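Engineer: make a model of this:
(2 chains)
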Amino acid sequence: MRRFEATQLVLRLAGESPIVSNLGPTSSELWHAGHRDRNFYNYGNMGLCSSIALGMAMGTDEQVISLDGDGSLLMNLGTVASIGREQPKNLTVIVWDNEKWGQTGGQTSHTATGTDLEQVAQSCSITRTKTVSDLEDLEAAITDALASSEGPNFIVAKIEDIGGSTSVAPVEPEQTLYRFRNTFVEPRQPGD
Amino acid sequence: MNWAEQIVQTLKEWDTSLIVYVPDTSIHQVTSLIDADPYFKLVSATREEEAIGIAAGSYAVGRNSAVFMQSSGFGNAINGIASLCIPTRTPIPMFINLRGGLGEFNIAQVPMGRAVIPILDQLGLPHYTLEDDGNMAASLTGAMKLCHANRQPMGICLTQPLHGGKVA
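Structural biologist: Below is the predicted model:
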């Protein structure tokens, strides 16, 4: 399964749901697959994608989707425990797992040497988990997750090791937050 | 109203209802009040940088958030502040229990405790240190107003003379 096609699938199934994407190719591919105001592209922070999504899920009743990566999540595994502790019903974490830190030269990550992120999630009291390796199974898992009111959902999606398949997206962090937030609240006025 | 109650009151006045924290003995005087108040959702993070991420996510969907941490944990949060909050302009009031001042008994708390203010200055972030509970209401209101006007995190440092601190 290639991440870009999988990202296109996520966008097709997400409807208007907010999507948070991990830094690097994950955000660039989301932008190329379909830029929209409800995409929150991460630009430089390491490991915080699913923490941001957790905060969003506790601030809105809407379904929130996190597009994380194995290397990034490994930098902040504690947030899986926090998701398990808070049990947000409206959060779906999808981990693109290429068993590498793709953004820094393709060094093998711990999922290549035995770490099973689905089992990590299970051991943190997240019961709705899946590991998938093709688009058909991914579609079934996401459809089931978004239709459920019993999240959190945790999907490990094994992807091919082909690196980023698009050019770097022209993402401006300040505009990302401004556009994204204004779909939830009235825009701020000068002097507010 | 004591200093802890005043912080709770100010958070409410600024519609700040999702509070993320990493436990700390002195800050517990505030977070225990927050935990008991149904106005708030108190979230326990495993590490301070994670707390910054959760708070930023909450703000992004329109629910104002604040974080509570100790100065040693501020060291764990720096890259999240620098690479997420500052580039996106996310206003997060950061209540930091500032260790390492007069009366500190633990050598390990001194270096990071004394580095917090210089690091905030290096990042260009405003900060205010509360040494006693006089004028608390005006100081806290001013801090929250500045934080949101600037659309950046702000350090609100709490000290041993204010809260009594942890005694060896």
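Engineer: quick check: mean pLDDT of stretch B:115-132?
Structural biologist: Averaging pLDDT along stretch B:115-132 gives 97.
Engineer: helices and strands of chain A: which one has the lowest mean pLDDT?
Structural biologist: strand A:100-101 (a mean of 91; mean pLDDT, DSSP states H and E).
Engineer: give the contact list for residue A:118.
Structural biologist: Going by C-beta atoms under 8 Å, 6 or more residues apart in numbering or on different chains, residue A:118 touches A:129-131, A:154, A:156. Yep, even glycine has a C-beta here, placed from its N, CA and C like the rest.
Engineer: kindly apply the preceding question to residue A:107 instead.
Structural biologist: Contacts for residue A:107 (C-beta under 8 Å, 6+ apart) come out as A:100-101.
Engineer: end-to-end on stretch A:26-43?
Structural biologist: Start-to-end span of stretch A:26-43 (C-alpha to C-alpha, to the nearest Å) is 10 Å.
Engineer: where in chain A is pLDDT low?
Structural biologist: For chain A, the stretches flagged by pLDDT under 70 are A:188-192.
Engineer: got the residues of chain B near chain A?
Structural biologist: Proximity of chain B to chain A (C-beta under 8 Å from any C-beta of the partner chain) is limited to residues B:18, B:20, B:41, B:43-47, B:49-50, B:52-63, B:65, B:79-80, B:83-84, B:87-90, B:148.
Engineer: and residue B:80, how many neighbours does it have?
Structural biologist: For residue B:80, the neighbour count with other C-beta atoms under 10 Å in any protein chain shown is 28.
Engineer: that one: which element?
Structural biologist: Assigned by DSSP states H and E, residue B:80 falls within helix B:71-80.
Engineer: can you map out the helices along the chain?
Structural biologist: As the question left the chain open, I've gone with chain A. When assigned using DSSP state H, the helices of chain A occupy the ranges A:3-14, A:25-34, A:49-57, A:70-74, A:78-86, A:117-123, A:135-147, A:173-181.
Engineer: hmm, I had chain B in mind actually
Structural biologist: Using DSSP H, helices in chain B cover B:3-13, B:28-35, B:48-60, B:71-80, B:86-88, B:110-122, B:136-150, B:160-163.
Engineer: what is the rounded mean pLDDT of the fifth one?
Structural biologist: If I follow you right, that is helix B:86-88. 98.
Engineer: which helices and strands does it pack with?
Structural biologist: helix A:173-181 (3 or more C-beta pairs under 8 Å, 6 or more residues apart in numbering or on different chains; DSSP states H and E).
Engineer: residues contacting the helix it packs on, please?
Structural biologist: A:18, A:37-41, A:43-44, B:59-62, B:87-90.
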